[in-house]
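K.L.:
I need the structure of the sequence given here:
(2 chains)
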Amino acid sequence: MKATSATATAARSRAGGPPSDGPKTTRLRGKDLLGISQLSPEEIVLILDTADAMKEIGARPIKKVPTLRGKTVVNLFFEPSTRTRTSFEIAEKRLSADTLNIASATSSVVKGETLADTALNIMAMAPDLIVLRHAASGAADFLARICRAGIINAGDGAHEHPTQALLDAFTIREHKGGLSRLKVAIVGDLLHSRVLRSNVQLLTKLGADVWVCGPPTMMPPGIERLGVTKTTSIDAAVEGADVIMMLRIQLERMEGAFFPSFREYFAVFGLTPDRVARAQPDVIIMHPGPMNRGVEIASEVADGPYSVILEQVTNGVAVRMAVLYLLAGGIEA
Amino acid sequence: MPVVMDADRMARTLVRIAHEVVERNRGVDDLTIVGIRTRGVPIARRIARNLFEITSEQAPTGALDITLYRDDLMRHAVGPQPVVRRTEIPFSIDGKKVLLVDDVLYTGRTVRAALDALIDFGRPSIIQLLVVVDRGHRELPIRADYVGKNLPTSTRETVHVRLQEIDGRDEVAIEQIEEVT
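P.N.:
Purely as a prediction, here's the structure:
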């Protein structure tokens, strides 16, 4: 099937079905996924719908499809990450891509190489996609400008973590059928959280009613301009909530004192069974991980019946497969 | 656009094919049915219903999306990816007979992709192919076991199998491809 035009491919490949039955031309604009900010609501829905199909592959006896055969994906991680890196790696392998992991501790980065030099050296090996995790906000945008390969942002500083927001939305959609008009409470360290930034943008784009809650010392100034309701009362935030999303206290990003003690933080902002009782009876409780049990979330809540925290991990693989698949079509061969 | 098969004729054809399936397999023991998305799926359900009326036995029926197995993925320089839809085969095909169902058999490439996909689900004892229309022009050594209608066509034509469940009416029609230049 030589594709000279989309119509010719459609007409021929599906054995002469009508054009409306052929492959739809819905696509992501651009070669990269740098943040939720770049995505339209339609593109978000395309990713979630594709992830829905990808999830079934994880339930098969042979969890592999030949789709990305011959494509090379480099996982370039300048920050420690187990969950996100392994999730991407499993997603890549399930699509039959060749994968290469470069972690900062083992690379020339420790010898003083800059991000640009590292990237140019990797580009000389002609990968098709690069998955980047970096401590500096904007690192993915920077790499996208100098690389021919597609860049997937796997977390840049306190800026964005788009695949986390997408897997959260996917998990909510599986439980609630959609996101429109749901009350979503996001509680915790709002200041250092790229998960918050990506989630707020995605949830508001799909019409959710987003509440954010955290200590005043961890409240980014002007956050209400993103279309969310802010509060310092967790009880107000979780009241009648359909979804409660807890954020991790990011000790490694903190310089200075943001709250007196873990015990005091848990008393004022921790998610306890009593607080869960204020939410909708079918509330789901989410956490991007890794959890600080007894700091932002009580153990009996994390392991309780409303928790979908482990489902989020499973769904992360399906969502990343969807992103890899959709972006692989936008790269020059 | 000549209609080459109307609703009555399509219904009779699917009954006739169901009888052929029963005859060839001496019943429907160990038979599973898998429709290729999109239009193979409702056809598979109708065949399953016809088989039930003949044998009073229900054959498990699933849906297969072959997008991730297509041989033309990633071949265009820069282009949109075809939309992937869900595969639903909620039963084991290991050691079972699989009746693979599609609307039109043309180049054979869709069937090749479907065979690869099926084998990732297990090792069927046999795979048989059922199509409503065989329009010729094969590009791979593939043939159907059950054919509703052999329809000689030119490559300038397209064959449309329309189904009540998707298109609101049952018919097979031949149409000219409008040249896009």
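K.L.:
Going by proximity to chain B, name the top residue of the stretch 101-250 of chain A.
P.N.:
A:Asp128 (9.1 Å; Cβ to the nearest Cβ). The way it works is simple: take the backbone N, C-alpha and C, and place the C-beta from them, glycine included.
K.L.:
Quick check on that residue: phi, psi?
P.N.:
Dihedral angles of A:Asp128 (phi, psi; degrees, to the nearest 10) stand at phi -90, psi -40.
K.L.:
before we move on, what about the one 3 residues further on?
P.N.:
Summarising the backbone geometry of A:Val131 under the convention degrees, to the nearest 10, its torsions are phi -100, psi 120.
K.L.:
Isn't it up against A:Thr86?
P.N.:
No - under the criterion of Cβ atoms under 8 Å, A:Val131 is not in contact with A:Thr86, lying 11.7 Å apart.
K.L.:
How is chain A divided into domains?
P.N.:
According to automatic domain parsing, chain A comprises the domains A:25-161+A:315-328, A:162-308.
K.L.:
Any idea what B:Met5 is bridged to?
P.N.:
When bridges are called by DSSP bridges, B:Met5 pairs up with B:Val172.
K.L.:
can you redo the domains of chain A as a markdown table with distance to B:Ala113?
P.N.:
Formatted as a markdown table, these follow (distance: least, Cβ to Cβ, whole Å):
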| stretch | distance to B:Ala113 |
| --- | --- |
| domain A:25-161+A:315-328 | 9 |
| domain A:162-308 | 26 |
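K.L.:
Phi, psi for the closest residue in space to A:Gly289 that isn't next to it in sequence please.
P.N.:
Ranked by Cβ to Cβ, 6 or more residues apart in numbering or on different chains and with sequence neighbours excluded, the top spatial neighbour of A:Gly289 is A:Arg83, at 5.6 Å. With angles defined as degrees, to the nearest 10, A:Arg83 shows backbone torsions of phi -60, psi -50.
K.L.:
shouldn't A:Arg83 be in contact with A:Ile309?
P.N.:
No - using Cβ under 8 Å, A:Arg83 is not in contact with A:Ile309, being 11.1 Å away.
K.L.:
Show me which of the two is the more surrounded one.
P.N.:
Taking other Cβ atoms under 10 Å in any protein chain shown, A:Arg83 and A:Ile309 do not tie; A:Ile309 has more neighbours (19 against 14).
K.L.:
Could you check how far that one is from chain B?
P.N.:
For A:Ile309, the distance to chain B equals 25 Å [Cβ to the nearest Cβ, to the nearest Å].
K.L.:
same deal with A:Tyr325?
P.N.:
Counting by Cβ to the nearest Cβ - A:Tyr325 and chain B are separated by 6 Å.
K.L.:
Run the chain-centre distance for whichever strand or helix holds that residue.
P.N.:
If you go by DSSP states H and E, A:Tyr325 is part of helix A:309-328. With Cα atoms, centre = their mean, to the nearest Å as the basis, helix A:309-328 stands 8 Å off its chain's centre.
K.L.:
just stretch B:104-124 next, same as before
P.N.:
Distance of stretch B:104-124 from the chain centroid (Cα atoms, centre = their mean) equals 10 Å.
K.L.:
can you give me the helices for the stretch 1-150 of chain A?
P.N.:
Applying DSSP state H, counting those that start in this stretch to the stretch 1-150 of chain A gives helices spanning A:6-13, A:41-57, A:83-94, A:115-123, A:139-146.
K.L.:
possible to save the ones you listed as a markdown table with mean pLDDT?
P.N.:
Below are these laid out as a markdown table (pLDDT from 0 to 100):
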| stretch | mean pLDDT |
| --- | --- |
| helix A:6-13 | 39 |
| helix A:41-57 | 95 |
| helix A:83-94 | 96 |
| helix A:115-123 | 85 |
| helix A:139-146 | 93 |
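K.L.:
looking at those helices, which is closest to A:Gly30?
P.N.:
Distance to A:Gly30, taken as Cβ to Cβ, is lowest for helix A:139-146 among those, at 8.4 Å.
K.L.:
now the helix or strand following that closest one: mean pLDDT?
P.N.:
Next helix or strand after helix A:139-146 toward the C-terminus (DSSP H and E): strand A:150-156. Strand A:150-156 shows a mean pLDDT of 96.
K.L.:
Who are the packing partners of strand A:150-156?
P.N.:
In this structure, strand A:150-156 makes packing contacts with helix A:83-94, strand A:129-134, helix A:139-146, helix A:162-176, helix A:309-328, judged by 3 or more Cβ pairs under 8 Å, 6 or more residues apart in numbering or on different chains; DSSP states H and E.
K.L.:
Could I get these in JSON lines, plus columns for distance to B:Met74?
P.N.:
Below are those laid out as JSON lines (distance: least, Cβ to Cβ, whole Å):
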{"stretch": "helix A:83-94", "distance to B:Met74": "15"}
{"stretch": "strand A:129-134", "distance to B:Met74": "12"}
{"stretch": "helix A:139-146", "distance to B:Met74": "20"}
{"stretch": "helix A:162-176", "distance to B:Met74": "21"}
{"stretch": "helix A:309-328", "distance to B:Met74": "6"}
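K.L.:
just these: most buried one?
P.N.:
strand A:129-134 (a mean of 26; mean count of other Cβ atoms under 10 Å in any protein chain shown).
K.L.:
mind checking how far that one is from the chain centre?
P.N.:
The chain centroid and the centroid of strand A:129-134 are separated by 13 Å, computed with Cα atoms, centre = their mean.
K.L.:
quick one: which helix or strand includes B:Ile166?
P.N.:
Going by DSSP H and E, B:Ile166 is part of helix B:164-167.
K.L.:
List the buried residues for that helix?
P.N.:
B:Asp167 (16 or more other Cβ atoms under 10 Å in any protein chain shown).
K.L.:
got any ranges where the chain has weak pLDDT?
P.N.:
With no chain named, the answer covers chain A. Applying pLDDT under 70 to chain A picks out residues A:1-26, A:105-112, A:252-256, A:330-333.
K.L.:
wrong one, chain B
P.N.:
B:1, B:76-79, B:179-181.
K.L.:
which SS state does the residue nearest the centre of chain B fall under?
P.N.:
Chain B has B:Asp102 as the residue nearest its centroid, 0.8 Å off, counting by Cα atoms, centre = their mean. Under DSSP: H, G, I helix; E, B strand; the rest coil, B:Asp102 falls in the strand class.
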